[in-house]
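Undergrad: Quick one: sequence plus predicted model below, questions after.
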Amino acid sequence: MATDSHLRRGSPSPREQHHRKRRRPADDDRGEEPRFPAAEGSPREPVAAATQVTLRGFDDGLSARVLADCLEAAAGTVLRCRVKTSVTPPGSYPDFQLRLPHAAAAAASRAATSPHDGAVPAHAFVHFARPGAADRAARSGLQLCGGGGRMHPSDVINSSLRAARRRRRGDTKPMLFPDSRVEAGDLVAPDTFLAAWRGADDPACISALDFVVDPSDARCRLLFARDAAFVSLAGAAVLLCCDVKLEFPVADIVQALAFMDDDSLLLQLSAVPLLYYRTAGDDVHGPVPFDLIDDDDDPWIRTTDVTPSGAIGRCRAYRVSFRTRFWPTMKAALEYMKGQGVLVEILDTRWRGLTVRDEPEFGMPMQDMFFSVQRAEGLSFPVLYLVNAVVHSGVVNQHQLTAGFFGLLRRECDAVNVAALTKLLGGKFQEFDVCPRLKNVQDWAARKPKLLRLHSSRKDGADYNVEMRRLVITPTRAYCMPPQLERSNRVIRHYHHVADRFLRVTFMDEGKQRLNTSAMNLYAAPIVKDMMPNLFQQKTTVYRRVQTILTKGFHMCGRKYSFLAFSPNQLRSRSAWFFAEDGITTIASIREWMGQFPSNNIAKHAARMGQCFTSTYPTVTIQRDEMEFLQDVNHNEYNFSDGIGKITPKLALEVAKKLPLTDNYVPSAFQIRFAGFKGVVAVWPGENEETRCLSLRPSMKKFDSDHYVFEVVSWTKLQPAFLNRQIITLLSTLGVPDSIFRQMQSEMLHNLDRILKHSDVAYEVVRTCCPEHGSTAGLMLSAGFAPANEPHLRAMLLAIRSSLMQGLLEKERIFVPKGRWLVGCLDEFGILEHGQCFIRASAPSVNKRFVRHSSIFSSASKRAETIVGTVVIAKNPCLHPGDVRILEAVDVPELHHLVDCLVFPKKGVRPHPNEASGSDLDGDIFFVTWDERLVPPGKRSRSPMDYSPAEAIQLPREVLPHDIIDFYLENMVSDNLGRISNAHVVHADRSKYGAMDEKCIQLAELAAIAVDSLKTGKIVTMPTYLRPTEYPDFMRKEDAISYKSEKILGELYRSIKAAYGYDLVSHGTNTLDDLVYDMDLEVPGASDFLEDAWQCKCSYEARLNALLNQYGMRTEAELVTGEAWSLTGDNKKQHYETQERLNYSYFQLHREYRSIFEGNAEISVEEKNLAYETKASAWY
């Protein structure tokens, strides 16, 4: 097994520096002389080792020096040899705060040889000066001198540097500041720093600190050694020395201030650094007087906060003190940071410097795991929650929560305080003098009665709106996210009187990035895994933190929150529902009300519970006599009607009236939740069409429930079609010429390049590519506004363009004019034959006439096109060539009432939906195109894959609450679907057979199991031989080896990159400086409304900025259009879910301020129109 040198760290560990001995290089170096740095006394600069090997099979007592001598004699010059005999003890977790009682016990534990104490057979990480020496060491058996025995060639594993990192590094050397000091704390004033932790004062720290700035990967690192007690679940402890690493990207540095008077650097960060450790106390022999790149084969393990006071989790500033002689290196590091967009300032001795003090209760252990204010006399829960939100956001510092601050809050009512704190949350910078600022915004809010009425109106989920709170928990801290209006679910609607006791909890990594499995699984060096393969089946302290929160709950704002349930979508996004019991409503009572779930299948039990938490629109109540039950259509051991039912037109009309539809039409189908049923019901005329009747099938029933409100998840509507990587890969494999994809991308880019200059092109793009989200832009265009002189319109078009361009670059999302995403339905009449389908697609309006208070798109039921001819269908994820189905669309007049549906036959050997990625009809959305260019030659489908589900895991007893938690955790640490899909892209790109390559077929089979794991409970792992070692350039894997893709995805990617680079926003745009004020929008009398308009604008911007800050977005236009191109981190990876929440939040925000605008309801229509015109001019 090959291993690599760790380029992310620029120096050896402090422990290695402590043990390093210098000596003259060996005479017998076989002509391979190492390069030595400048004369001793100058700042040390790490150099990249040419290669390294890992060794095993020698005596435990063999020293690093003796081993290095033997290796030099046999192979060549050794730059460093590190012998290691310890790892994380099995079944234990490091506790950096726990101390063993006696030094003797500590010494005994260090000398322990039992594997349970972390001891493993001796192994070594060796850096040679030249690759040839490593090759010789691996090729031939090595006779160890000094009676150490002979090593077999298999005991020497050759390892070269990771090619990607080696190429990226080039001649760039990390900038090292050895023997530094570090303090974690906060700025409480521009010139005052309060220290919460000081490495030099921590008794557990046993070395000085190294600070590293590494331009090769744009990261900074703080490295030091300290003791840790490894505690087993049984309570036994062993003390081991560990190397600790704090790592953060340069992009997280908000400001860097260098002080010449005391040789210090102050870094203000936007996120908490990542924390790692690995056992140390090694025997290190370094015969050369310069530093090497870290041993990549000895992996770093993620951990939680290592400070007793939780300083790393709650502080955002680090003060690094370094030696004076390193000022030239520091200036180079600061220049590099400045080039990366960091605000850098060097303050010379004329500046009075930084006042440094210890915070109150310095070093005292923190009792609250989230660093939150649990109680404050006289403050309600909503206000206290927002206090924590402003502290967690960094706008207000924890040390500013004084008696005066809380006194101001007690003086005002909840509505004023909620409005004021929400406005504070919209700030982008820290408030150093928070009390006067709070007083100002309180006074401002008190003068806005309309705003206060909005804030005071309870949004408790009794209808389909609920103001929901979310807590983001990371390995070291938590963030109270501001309440956000979203669609409610049946549980919250039923328990609306305690809606504020529900909390959505999301587990994320630092910086609100996705919490990957690598942070929760413990990894050992490959050579150690080879020696002891059954030793390392354990997890990290990050995993244990999540486990503890799920099993024991947590306290927040004086309430005890406990785990309740999760939905499948929440599991994918690492989220779950928690609830704070009030003595009346309990976790058990909520679960009992929800229904009767499968008793001995954990996966289905959890999924059915999650079904109750699906965000829905409640509509009408269905009586038992208004329900009928249809038989499923089964033959050939397949269910052709899996998940599909019917609804009469009369009942459908009643349902439609309850939905927020933009047009007065009845959708053709609804995705629903009803009682214990889930699936789709399609509108069907017939004998009983004038009655209220809901027809359901056994396949739709998932559990027993007495909740008979008809809940709608979504409905049929126009959804434009876009290609993606998977579909392009399969179509290319099936023979669609590459020139077709190039042509389609070119056509799309041509329109996007003209969108800001040509109103007709802009209108066409808006109405076809984003009809649902671009209605505001479409209305303005149809009214005659031009992007050249209307800044808001221009900003919206720019957001649309940027989002579509980003989709092209990152996902190859190419617009397909002759295509749609359609909801799958069944031909209940039995007219369609096998191989046929029916499609009637709604068309966007071509009418550019401005219609007041209306959408530019008219009813889909009145204007639709029946598709006839060969069509291509697919459903994501699609990895197997047989997932692309080629059908014949036919015109069936009896089915014309079904618009924006893909109607499948109930005849044939196998259901067509099942052939396409194992789909069914319970709400799956299918890609459909009737573009002849995209139909593969021959117009015949490949044999589909077998999607028979894996056998579900059954318990011999009933499912208990801890089973649900264990299932949640197991899926968190075994989430492999994304990796499988990425591996499929790589192998399909590498192979001349494309997606027909044998490895791709195996990956498609694994992906099918992974998709169903949330139903079956079966966890899938990807074999090592299927894991890619390098990735195509279009996947943009910066930390991996990359190659130039020669296939169509690579061509499409490079064509965009060559034309636009990565700056997809500013290309081809102008600044707003040239945009003129539109005098045509001035109306006499508007000045009377200006003051009120200004107050509304300030209020709106506060709410808007809070929403933008919460998701890390840049512009209002992204919210208005729904094209959120600037999302980052986990919000970007969970784009669909995030976008849905954003759209809903902005819709409600817009509705609130529209109600403020419309104002007085007592005046006549004529007076209203005049008032609207005048107010609109003032608001403009």
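TA: It's in. As the structure is a prediction and not an experimental result, all values here were calculated from the model.

Undergrad: list the buried ones in the helix ranked longest in the chain?
TA: If you go by DSSP state H, the chain has its longest helix at helix 1135-1158. By neighbour count on 16 or more other C-beta atoms under 10 Å, the buried set for helix 1135-1158 is 1137-1146, 1148-1149, 1152-1153, 1156. (Glycine included, C-beta is placed from N, CA and C.)

Undergrad: where's the dip in pLDDT among the residues you listed?
TA: Least confident of the buried residues of helix 1135-1158 in the model: Glu1137, at 69.

Undergrad: Just the pLDDT for Ser216.
TA: 84.

Undergrad: The longest helix of the chain packs against which elements?
TA: helix 449-456, strand 478-487, helix 1090-1111, helix 1116-1121, helix 1165-1179 (3 or more C-beta pairs under 8 Å, 6 or more residues apart in numbering; DSSP states H and E).

Undergrad: Extract the C-alpha set from the second one and format it as CSV.
TA: Okay, so that is strand 478-487. The C-alpha trace of strand 478-487 is given here as CSV (Å, rounded to 0.1, in the frame of the first residue of the first chain):
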residue,chain,number,x,y,z
ALA,A,478,-23.1,25.9,18.3
TYR,A,479,-25.0,28.7,16.4
CYS,A,480,-28.5,29.8,17.3
MET,A,481,-29.8,30.7,13.8
PRO,A,482,-32.5,33.5,13.7
PRO,A,483,-36.1,32.3,13.5
GLN,A,484,-37.1,31.7,9.9
LEU,A,485,-40.6,31.5,8.4
GLU,A,486,-41.1,28.3,6.6
ARG,A,487,-43.8,25.7,5.7
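
Undergrad: what mean pLDDT does that strand have?
TA: Across strand 478-487, pLDDT averages out at 89.

Undergrad: can you check the fourth one too?
TA: In this model, helix 1116-1121 has a mean pLDDT of 80.

Undergrad: Distance from that helix to the middle of the chain?
TA: 21 Å (C-alpha atoms, centre = their mean, to the nearest Å).

Undergrad: Contacts for that helix, please.
TA: 770, 773-774, 776-777, 792, 795-796, 798-800, 803, 1104, 1107-1108, 1113, 1124-1126, 1142, 1145-1146 (C-beta atoms under 8 Å, 6 or more residues apart in numbering).

Undergrad: Quick check: helices, which of these are part of them?
TA: Of the positions in those, 776-777, 792, 795-796, 798-800, 803, 1104, 1107-1108, 1142, 1145-1146 sit in helices, assigned by DSSP H.

Undergrad: Next, work out how far apart Asp358 and Trp197 are.
TA: Distance, Asp358 to Trp197, using C-beta to C-beta, to the nearest Å: 10 Å.

Undergrad: what does Phe230 give?
TA: Phe230 is 22 Å from Trp197, by C-beta to C-beta.

Undergrad: Same check on Ser372?
TA: Look at Ser372 and Trp197: by C-beta to C-beta, they are 19 Å apart.

Undergrad: quick one on the thing from earlier: which of the buried residues of helix 1135-1158 lies closest to Arg314?
TA: Thr1138 (26.3 Å; C-beta to C-beta).

Undergrad: didn't the closest one look like it was pressed against Ala1124?
TA: Yes: assessed by C-beta atoms under 8 Å, Thr1138 is found in contact with Ala1124 at 7.1 Å.

Undergrad: between those two, what contacts are shared?
TA: Shared contacts of Thr1138 and Ala1124 (C-beta under 8 Å, 6+ apart): Tyr1111.

Undergrad: picking up where we left off before, more neighbours, Asp358 and Trp197?
TA: Trp197 (25 against 15; other C-beta atoms under 10 Å).

Undergrad: what sits up against the helix or strand harbouring that one?
TA: Secondary structure from DSSP states H and E places Trp197 in strand 192-198. Defining contact as C-beta under 8 Å, 6+ apart, one finds that strand 192-198 is touched by 181-188, 266, 307-309, 311-312, 314-315, 317, 319, 354-359, 362-363, 399.

Undergrad: What helices and strands are in contact with whatever helix or strand comes next after that strand?
TA: Counting by DSSP H and E, the element after strand 192-198 in chain order, helix or strand, is strand 209-214. Strand 209-214 sits against helix 14-19, strand 175-189, strand 219-232, helix 327-339, with contacts defined as 3+ C-beta pairs under 8 Å, 6+ apart.

Undergrad: secondary structure class for Trp444?
TA: helix (DSSP: H, G, I helix; E, B strand; the rest coil).

Undergrad: what sits against the closest residue in space to Ala1010 that isn't next to it in sequence?
TA: Spatial nearest neighbour of Ala1010, excluding adjacent residues (C-beta to C-beta, 6 or more residues apart in numbering): Leu977 at 4.2 Å. For Leu977, the contact set (C-beta under 8 Å, 6+ apart) comprises Pro877, Ala1007, Ala1010, Val1011.

Undergrad: Now distance to Lys658 too, for the residues you listed, in TSV please.
TA: Shown next, in TSV, are those (distance: C-beta to C-beta, whole Å):
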residue	distance to Lys658
Pro877	34
Ala1007	38
Ala1010	37
Val1011	33
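
Undergrad: who wins for neighbours among these?
TA: Ala1007 (27 neighbours).

Undergrad: what bits of the stretch 451-600 of the chain have low per-residue confidence?
TA: 451-462, 534-536 (pLDDT under 70).

Undergrad: Tell me the one among the contacts of Leu977 nearest to Lys646.
TA: So of these, ranked by how close each gets to Lys646 (C-beta to C-beta), first place is Val1011, at 27.7 Å.

Undergrad: Which residues are in contact with that closest one?
TA: Pro877, Gly918, Leu977.

Undergrad: what kind of secondary structure is the first one in?
TA: It refers to Pro877. Once three-state DSSP is applied, Pro877 turns out coil.

Undergrad: if I read this right, it contacts Ser919, doesn't it?
TA: No: counting by C-beta under 8 Å, Pro877 sits too far from Ser919 to count as a contact (10.6 Å).

Undergrad: would you list every one of the helices in the stretch 651-800 of the chain?
TA: Secondary structure of the stretch 651-800 of the chain, counting by DSSP state H, counting those that start in this stretch: helices at 725-733, 738-754, 759-769, 775-782, 791-811.

Undergrad: Can you point out the buried residues in stretch 353-360?
TA: Here stretch 353-360 shows Leu354, Val356, Glu359 as buried, counting by 16+ other C-beta under 10 Å.

Undergrad: Among those residues, name the ones in strands.
TA: Among the buried residues of stretch 353-360, DSSP state E puts Val356 in strands.

Undergrad: Make CSV out of the buried residues of stretch 353-360 and add distance to Pro937.
TA: Formatted as CSV, these follow (distance: C-beta to C-beta, whole Å):
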residue, distance to Pro937
Leu354, 71
Val356, 73
Glu359, 72
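
Undergrad: Pick out whichever of the buried residues of stretch 353-360 sits closest to Asp989.
TA: For those, the nearest to Asp989 is Leu354 (52.6 Å; C-beta to C-beta).

Undergrad: What residues sit buried inside stretch 1083-1101?
TA: Val1083, Ala1086, Phe1089, Asp1092, Ala1093, Cys1096, Ser1099, Tyr1100.
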